[in-house]
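1. sequence and predicted model, in that order:
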Amino acid sequence: MIEALQNAVNESNYIVFFGGAGVSTESGIPDFRSQDGLYNQKYKYPPEEIVSHTFLVHRTEEFYEFYKDKMLAPDAKPNAAHLKLAEMEKAGKLKAVITQNIDGLHQAAGSKEVLELHGSVLRNYCTKCGKSFSSTDDDVNAGIKYILASDGVPKCDNEVDGKVCGGVVRPDVVLYEEGLDSNVISRTIMHISKADMLIIGGTSLVVYPAASFINYFNGKHLAVINMASTGRDNQADIVIHDKIGKVLSQIKV
């Protein structure tokens, strides 16, 4: 199947990659649904309840306790999958990376056209005054560090009319019960609709509405690379059940 994937890449000129948590597990970031994923660990509340808008609002301290402990990985580095996708974009083959991940590793690897369906932990803002606590030119993890350095719930240090704002600083990520960014959606649909090859990687395709966007693909080659089977395997002409970094690192562009 590696040969088939290579041949499809060779003859394609508008490749789009659609990825999920499995892309970052090789960088040491846990996924949600695998055997060792967050959904299969024991917490006082189910993780899908913790990362919801309602939980953030009503159990703010417990939200940030989980968020700091399990969803931030400032030391994580791009792996072979991230690096190969950036290489494919630089070569003019790959036109966009569409990711459900919030870790910023695609950009760290050098990818430029990255559509983050669920936002990014690198971007944070005050819910009261709007001050940004995000990446800087000097430190990509500046926002993460502010969150981690806070005692309990991160509060805004901005001075407004001589008083410290004190509003809650939250990550610019899409929680359960929250909608996706309309601009990201439109660009995602545009790229997938124009693609002659769609590579789906590291995702179980069970998170909606994100997974529904691949329905806009009408191109020639559909490849699925994932450790476990997905609901799209029977529609793909290339299916590889293996680590995505291992697979993509064998592709030459």
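-> Nice, I can see it. Since this is a predicted model, take the numbers as computed values, not measurements.
2. doesn't residue 87 belong to a helix?
-> Yes. Applying DSSP: H, G, I helix; E, B strand; the rest coil, one finds residue 87 inside a helix.
3. distance of it from residue 20?
-> Residue 87 sits 20 Å away from residue 20, going by C-beta to C-beta, to the nearest Å. The C-beta positions use only the backbone N, C-alpha and C, and glycine is treated the same way.
4. cool, and residue 103?
-> 12 Å.
5. then residue 66?
-> Residue 66 is 20 Å from residue 20, by C-beta to C-beta.
6. could you do residue 185 as well?
-> From residue 185 over to residue 20 (counting by C-beta to C-beta), the distance is 17 Å.
7. who's more crowded, the two?
-> Set residue 185 next to residue 20 and count neighbours by other C-beta atoms under 10 Å: residue 20 wins out with 29 against 16.
8. who are the packing partners of whichever helix in the chain runs longest?
-> Ranked by residue count under DSSP state H, the longest helix found in the chain is helix 182-194. Applying 3 or more C-beta pairs under 8 Å, 6 or more residues apart in numbering; DSSP states H and E, one finds that helix 182-194 contacts strand 15-19, strand 94-99, strand 114-116.
9. those strands: which one's closest to residue 244?
-> Residue 244 sits nearest to strand 15-19 of all those, at 7.6 Å, using C-beta to C-beta.
10. just the angle for the closest one relative to strand 94-99, thanks.
-> 10 degrees (axes from the mean of the first three to the mean of the last three C-alpha atoms, to 10 degrees).
11. now the element after strand 15-19, going C-ward?
-> Downstream of strand 15-19, the first helix or strand assigned by DSSP states H and E is helix 47-50.
12. where does this protein have low pLDDT?
-> 31-43 (pLDDT under 70).
13. which residues in it form helices?
-> Under DSSP H, the chain gives helices at 2-11, 47-50, 53-58, 60-70, 80-90, 105-109, 142-149, 182-194, 244-248.
14. okay, those helices in a markdown table with distance to residue 161 next?
-> Output for the helices of the chain, formatted as a markdown table (distance: least, C-beta to C-beta, whole Å):
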| stretch | distance to residue 161 |
| --- | --- |
| helix 2-11 | 57 |
| helix 47-50 | 35 |
| helix 53-58 | 26 |
| helix 60-70 | 25 |
| helix 80-90 | 44 |
| helix 105-109 | 36 |
| helix 142-149 | 22 |
| helix 182-194 | 33 |
| helix 244-248 | 51 |
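15. out of those, which gets nearest to residue 118?
-> Per C-beta to C-beta, nearest to residue 118 of those: helix 182-194, 9.3 Å.
16. who touches that closest one?
-> 14, 16, 18, 95-96, 98, 113, 115-117, 198, 213-214, 216-218 (C-beta atoms under 8 Å, 6 or more residues apart in numbering).
17. what is the nearest of the residues you listed to residue 176?
-> The nearest one, if we look at these relative to residue 176 and count by C-beta to C-beta, is residue 117, at 13.5 Å.
18. count the neighbours of the closest one for me.
-> 22.
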